[in-house]
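Asker: Sequence isn't available, so here's the structure alone:
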């Protein structure tokens, strides 16, 4: 998290224009998340955002849920996105990650990971540091994941890095019931 208060406040039901409500409706009507209610300020962008985000939340994705959550959590942590991290700690647990593994995602350490999991962390690190996965890491990814799954690794890291930029810059605050990780508190 970069900000203690939002730069763009989430809209309440009473503040939504017809266009904003329509943009929220296909996937998120009734969702009280601060993210979606913040994005509703620009209904034109939101209406184009929802089809892409739906891919990451669907069964169309080829990357297994546990692997996807490893990439999301590492990306969210590297981007210092307290909002993303807080949401996906719970998703990661539902996908089978343990508390210890979640802590190790923050550390980025390969120790204790299977080779298939460790390469996901390495790929996310490279994508966020160099915007590219090195040949050796790509070859290692290909040992464990199909072409479509490798593509999904890149899509996930890229999408969640973009989303983290939005969350951090707009100052989207945590939704009710979520707890901010102490390592991601605003400076």
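Answerer: Ah, there it is. A quick note: this is a predicted structure, and the numbers were derived from the prediction, not measured.

Asker: average pLDDT across stretch 124-140?
Answerer: The predicted model assigns stretch 124-140 a mean pLDDT of 97.

Asker: Name the residues of that stretch that are buried.
Answerer: Within stretch 124-140, the residues scored as buried using 16 or more other C-beta atoms under 10 Å are 124, 125, 126, 127, 128, 133, 137, 138, 140. Using the backbone N, CA and C atoms, a C-beta is placed for each residue, glycine as well.

Asker: what's the most distant pair in the residues you listed?
Answerer: 128 and 140 (17.4 Å; C-beta to C-beta).

Asker: hang on, the earlier thing: sort out for me which of the buried residues of stretch 124-140 are in helices.
Answerer: 124, 125, 126, 127, 128, 137, 138, 140 (DSSP state H).

Asker: Now render the residues you listed as JSON lines, adding distance to residue 172.
Answerer: Shown next, in JSON lines, are those (distance: C-beta to C-beta, whole Å):
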{"residue": "124", "distance to residue 172": "21"}
{"residue": "125", "distance to residue 172": "25"}
{"residue": "126", "distance to residue 172": "27"}
{"residue": "127", "distance to residue 172": "23"}
{"residue": "128", "distance to residue 172": "20"}
{"residue": "137", "distance to residue 172": "31"}
{"residue": "138", "distance to residue 172": "33"}
{"residue": "140", "distance to residue 172": "34"}
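
Asker: Could you work out the end-to-end span of stretch 23-42 for me?
Answerer: Distance between the two ends of stretch 23-42: 9 Å, counting by C-alpha to C-alpha, to the nearest Å.

Asker: Report the rounded mean pLDDT for the longest helix seen in the chain.
Answerer: For the chain, the helix that runs over the most residues, judged by DSSP H, is helix 147-170. Across helix 147-170, pLDDT averages out at 96.

Asker: Numbering from 44 from now on, please.
Answerer: Sounds good: first residue 44 from here, last item helix 190-213.

Asker: In stretch 142-149, which of the residues would be classed as buried?
Answerer: For stretch 142-149, by 16+ other C-beta under 10 Å, it's 144, 145, 147, 148, 149.

Asker: what does stretch 66-85 give?
Answerer: Residues 66, 67, 71, 77, 78, 79, 80, 81, 82, 83, 84 are the ones in stretch 66-85 that count as buried (16+ other C-beta under 10 Å).
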